[in-house]
Each structure stands twice: as structure tokens, then as C-alpha cells.
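J.: Return a 3D structure for these sequence lines:
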Amino acid sequence: MLDARTIDALFPADLPEPAHWEQRYPPRDLPAGAQVTRLAPSPTGFVHIGGIYAGLINREVAHRSGGRYLVRVEDTDRSRQVDGASAQFDRAFDYFGLAADDAAAIGDYGPFLQSARQEIYLSYVRELLRTGLGYLCFATPEELADARRRQEEAKVPTGYYGDWAIWRNADAEDVAAKLAEGAPYVVRFRSPAVPGARRAFTDAIRGRLEHEDNRNDVVVLKSSDSALRLPTYHFAHVVDDHLMRVGLVIRGEEWISSVPVHLQLFEALGFEPPHYAHIAPLMKQIAGGKRKLSKRKDPESTVDFYLGEGYPAEAVLYYLRGLANGRLAELPLAEALQEPIRLEECGVAGPLVDLVKLESISADHIATLSSEQIFDAVRTWAVAYDADLVPVLDAEPALALASLDVERVAVDNPRKDLRKWADFRSTYGFFFPQLFTPVAAGDERLGGLDTDLVRAFAKDFAAQYEELDAPQAWFDQIRMLAAQHGFAPTPKEFKKNPDAYPGSIREASQLVRVALTGSTRSPDLFAVARALGRAEVLRRVGALSGS
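T.: Down below sits the predicted model:
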């Protein structure tokens, strides 16, 4: 073991003692039973929807207990950072209302960016070395690779432990000699585990779990030849959870195997360990089974997919809450958003993400909103994701509201064809002259009607058109015109003698529908015409007639 003077010389002379940080971050003054939780994303990639799922549960549990919810960016792995990832964190958490309680960069228990907490970690690494629970390791990458090869050949567990830990029990003179020659080193934790040891803990979701204890002397401080001396994730998060006074760690089940080393580090540093709750990952149905939702394979895995498509945040949150606790999926949206998520009701099997189900939920939710609320939401979404739509909406706000009112206002079953904000252009775009391409005679959407008949019908429709208030009276205009141009009065009559007619009233109505909407399917034709107004109706029908 190195003497205290040699150890202290490895660190800045003015490095505070751990007692300084304990005083700087005292236990929180919270009610009994209050939980402090944290979401800890890493900027090595963009936010997975599973991160929103975990953040939702963390925030819910903290707030229901009268505690605090934190977001701590764990950026110690500098080599794998992705440009723009941190900015995406902010977009995602703001959109879904999952911003941290300590929103400021510092806050009482910040900073919340690990790379800004280097001095704190160094104080505790030095303490590990002083107590002999940490040691310097000068093993080269070549030596580590050779040891791994020999372990594999001997069919023993790989890792840096026991006799394979060549610097674990090195003589102080050998260590001093390496330091004198300037050899790079890492600091490793001296694992207390003996071969075959087991470690048990109680998980708030899964109950009692038991695993093989950690035998490896894990690295806690990265190489001394790096410009920024940062700890590894394992060490940094232990120090941070302690000083931020996190009492409940809710995270993905992939971290279960790391619990033994984390508990060892808490014990070595004299910290009370938190409780753990490991949630199951979100899954995707595939042929023959299911697998984890993958950032690499599944576009719906990333948060930007949901923001880009414009799924309302409330609908996504409702859906995710139902995945966490099945009983919430059976409640109306507004009620489910107020009901608590209970850890004991979280399943251990990964819930399936079903976009069809989410779109149905989203459509139901949007159908409850006012036209003004939808307009505002679509415009806000378009500013970020469909810039060309913004001036159209700004130029025609009255038309936009009128189009949104069609089959939604004063009806028992409002239309539900708007599932997300990105659908607005395809669903409602035909209402706007700037987005609509007039239809010409001969277009295949007209069902093969003779072009001369189409032009004549359209010309007469425009010449005789009246903007009437009564739906039936308005539709009678089409009915009378259809009779004048030889259409059968009913589909049944046409079916009885198809050679006698060019079509029935159905085909005549479809002609007008395609002229006004560009589609063979649309909302109520009378309501569409009223929203468009007389001048636009005549312009579109005129294009069909060729005038």
C-alpha cells in the first residue's frame, strides 16, 4: 500500500476532503417516506422511448411520495458522445413534461452534468487509495488482452481478479518506480468478494434477487494520460447518488447484473446504499416472438420519431402509463393521468409497444380537443417539423378552424381521422387552396367516367350552384343534375340496367367529391363545401369542366 504522501501527490494540492462534499450536499429536508429518484441519460445516443418510460415512472414515484425527481446527464464516456444528444434530451423532456425538479444547471445538489463534477470524484478516489480499497494499476492493453486470451484458453471467467490482477498486491517500490518513469495508470477498486460468494438484495419490483458477487477489481478512475481525469460510470453514479441523496434507483433491468459491484462501492465508501427497482424493457412483436425495441432497427424506438410525427404528449404518456400498470390502460385518459403508478404493479416481462394501439389512443384524445386547441398544436408542431405549412395556417386561420369543425362540432361521434399532427397535411390539406391541386376531367379518381360527360356535368353544376344552408336541399342540386345527365336515381336501378346509365347518383356525387377534395373518400360533402365557400367550390369545379 502506498503511503499517504505519495497518494496525495497524485491529486491537486487543494483538492477538498470528502467531508467538504458531505457538508456541501447534506441530507435533504423531506417528509418521511419521500423518495428522491433520478433519470440518468447518457449523451452517447439519442433518447430511447424507454428513457421517457423510465423518466415517467421516476418522476411519478418521487412526486407521489413528496420527494424530488432529478435528471443527471452521465457523460463520463467522452469518446462515445453524439453531437446534439444533450439538446435532444431537453426537447424530449420538455415535450413530455419530464423536466427535472432542479431545472437549473447547478441547483442545490448539482451540477447535474457528470463531467462538471470531476473534483468531487477525485476526492473520493483519493479516499479509496488512502484506505487501501483502491490501488494503482499499470497493466497495459496488451497485457490485459493476453490475460483474457489465457483465461479463455483455461476456460475460467474472464476479468481482472485474484491472481489475474497483477497490480493488486504489487510492492510499493514497484508502484513508485512506475510512477517515477511516468507510466500511465488507472485506479482500480479492490473487490472484497471471495470465489463463489453470492449477494442478495430486494428489488422493489422483483422482490428478493440473488447474484454472484462481483469478483472483478473494476476501474474507478480512467487513465492518467487522459486530458480530463474522469471516473467510470460505476464509480461516478455511486458518488452522485449518495451526494444527491437519491434513495430509490429506478432503472432498466440490464443493470441488475451490476448491482453487486455498486453495492460493494457504496459499502467501501461508507455510504448507505439506495433501494433498487429494475423495470422491464419495452419490446416489439416480431415473427415468432418478441425482442427489445432497438434504436438501430426500429424508428419508433427514438423519441424524435414521436416528436416528428406529432403524437400528442398526453396520448403517449397515457399509453406508457398503461404499459407500466395495466389497470391504467382501462381508465379514461384524464383519469389515468391522475392515478398513481405503483412499482409493485410493474411487470417483469417487457411490455409490447404497439403503434396501432397508440394511434387509436391518440385519435380518441384528439377527438376530445377543440378546433382551436388542435390548430394551436398543429401550428406549434409545424414550426419545427413542417415549416411550409406554417404560412398556410397563418394565412387561413378561419379556414383551418372551419375545416377542423367538419364532423367534429355538434355531432355525437366526432371524426377520428387525425391521429397525430403530421396527419394534418394529408387529412385536412385539401381544404387549403395553397395545398390543393385541382382535378381535371379524365383523372382516374373519377372512376372512368366519360370526359365529355364530366366536363358537361361540372359546367352545369357551376352554372346552377347555390350555397344553401340545408344539407338535403344542397344535395338535391347534385341529384337533379345527375338526372339531367342520365345518371340512375339509385345504385339499385343502375345495377338492374347498367348499360342504360353512365352511373348512378353515387357516381355523380363522387364526381363532385373528387372535384372538391381530390379524394374518393372525404368528410360530409355538404360540410366540406360550406367550409370551402362558394368561390373555392366554383374554382375547383371549374377546373374539372376545363373552364
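J.: For the closest residue to residue 158 other than its chain neighbours, the count of nearby residues, please.
T.: The spatially closest residue to residue 158, leaving aside those adjacent along the chain, is residue 151, at 4.7 Å (Cβ to Cβ, 6 or more residues apart in numbering). (Glycine included, C-beta is placed from N, CA and C.) Burial of residue 151, expressed as a neighbour count using other Cβ atoms under 10 Å, amounts to 15.
J.: Tell me if residue 151 really is in a helix.
T.: Yes: according to DSSP: H, G, I helix; E, B strand; the rest coil, residue 151 belongs to a helix.
J.: so it makes contact with residue 160?
T.: No: if you go by Cβ atoms under 8 Å, residue 151 and residue 160 don't touch, sitting 10.0 Å apart.
J.: Extract the residue ranges of the stretch 51-200 of the chain that are flagged as low pLDDT.
T.: Where the stretch 51-200 of the chain drops to pLDDT under 70, the residues are 79, 81, 84, 103-107.
J.: Would you mind extracting the C-alpha trace of the helix or strand where residue 121 lies into CSV?
T.: Secondary structure here is read from DSSP states H and E; on that basis residue 121 sits in helix 118-131. Provided in CSV are the C-alpha atoms of helix 118-131 (Å, rounded to 0.1, in the frame of the first residue of the first chain):
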residue,chain,number,x,y,z
GLN,A,118,-14.6,15.9,-11.6
GLU,A,119,-13.3,17.5,-8.4
ILE,A,120,-15.9,15.6,-6.3
TYR,A,121,-15.0,12.3,-7.8
LEU,A,122,-11.3,12.8,-7.3
SER,A,123,-11.8,13.4,-3.6
TYR,A,124,-13.4,10.0,-3.1
VAL,A,125,-11.0,8.2,-5.4
ARG,A,126,-8.2,9.6,-3.2
GLU,A,127,-10.0,8.3,-0.2
LEU,A,128,-10.2,4.8,-1.6
LEU,A,129,-6.5,4.8,-2.2
ARG,A,130,-5.8,6.1,1.3
THR,A,131,-7.8,3.3,2.9
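J.: Which SSE is immediately downstream of it?
T.: Beyond helix 118-131 in the direction of the C-terminus, DSSP H and E gives the next helix or strand as strand 134-137.
J.: all helices of the stretch 1-150 of the chain, in order?
T.: For the stretch 1-150 of the chain, the helices defined by DSSP state H, counting those that start in this stretch occupy 4-9, 18-24, 49-64, 85-95, 118-131, 141-154.
J.: give the contact list for residue 304.
T.: Contacts of residue 304 were listed using Cβ atoms under 8 Å, 6 or more residues apart in numbering, and they are 46-47, 88, 92.
J.: Would you point out the most distant pair within the residues you listed?
T.: In those, two members sit farther apart than any others by Cβ to Cβ. They are 46 and 92, at 8.6 Å.
J.: tell me, what's touching the two both at once?
T.: By Cβ under 8 Å, 6+ apart, residue 46 and residue 92 have these common neighbours: 303-304.
J.: Could you give me the buried positions within the helix or strand bottoming out on mean pLDDT in the chain?
T.: Each helix and strand of the chain was given a mean pLDDT (mean pLDDT, DSSP states H and E); the minimum falls on helix 85-95 at a mean of 84. Neighbour-count burial for helix 85-95 flags 85, 88-89, 92-93, 95 (criterion: 16 or more other Cβ atoms under 10 Å).
J.: what's the closest of the residues you listed to residue 16?
T.: Nearest to residue 16 among the buried residues of helix 85-95, with distances taken as Cβ to Cβ, is residue 89, at 29.4 Å.
J.: Does the closest one touch residue 47 like I think?
T.: Yes: with contact defined as Cβ under 8 Å, residue 89 reaches residue 47; the gap is 6.0 Å.
J.: got any residues that touch both of those two?
T.: A shared contact of residue 89 and residue 47, defined by Cβ under 8 Å, 6+ apart, is any residue touching both; here these are residue 41.
J.: can you pull the buried residues of stretch 448-461?
T.: The neighbour-count check on stretch 448-461 (16+ other Cβ under 10 Å) flags 449, 453-455, 457-461 as buried.
J.: Reformat those residues as a markdown table; add secondary structure, pLDDT and distance to residue 303.
T.: As requested, these are arranged in a markdown table below (DSSP: H, G, I helix; E, B strand; the rest coil; pLDDT from 0 to 100; distance: Cβ to Cβ, whole Å):
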| residue | secondary structure | pLDDT | distance to residue 303 |
| --- | --- | --- | --- |
| 449 | coil | 94 | 48 |
| 453 | helix | 96 | 53 |
| 454 | helix | 95 | 48 |
| 455 | helix | 96 | 51 |
| 457 | helix | 96 | 51 |
| 458 | helix | 96 | 48 |
| 459 | helix | 96 | 53 |
| 460 | helix | 96 | 54 |
| 461 | helix | 95 | 49 |
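J.: where's the closest residue to residue 86 other than its chain neighbours relative to residue 240, distance?
T.: Setting aside the residues directly before and after it, residue 86 is nearest to residue 43 in space (Cβ to Cβ, 6+ apart), at 5.0 Å. Look at residue 43 and residue 240: by Cβ to Cβ, to the nearest Å, they are 16 Å apart.
J.: Then residue 55?
T.: Distance, residue 55 to residue 240, by Cβ to Cβ: 17 Å.
J.: Comparing these two, which residue is more hemmed in?
T.: When residue 55 is set against residue 240 and neighbours are counted by other Cβ under 10 Å, the residue ahead is residue 55, at 28 against 23.
J.: Pretty sure that one sits against residue 71.
T.: Yes: in this structure, residue 55 is within contact of residue 71 by Cβ under 8 Å, at 7.4 Å.
J.: Residues that sit against both of the two, list them.
T.: Both residue 55 and residue 71 are in contact with 39, 93, 98, where contact means Cβ under 8 Å, 6+ apart.
J.: Identify the residues contacting the first one.
T.: This means residue 39. Taking Cβ under 8 Å, 6+ apart as the contact definition, residue 39 lies against 51, 54-55, 58-59, 69-72, 98, 100.
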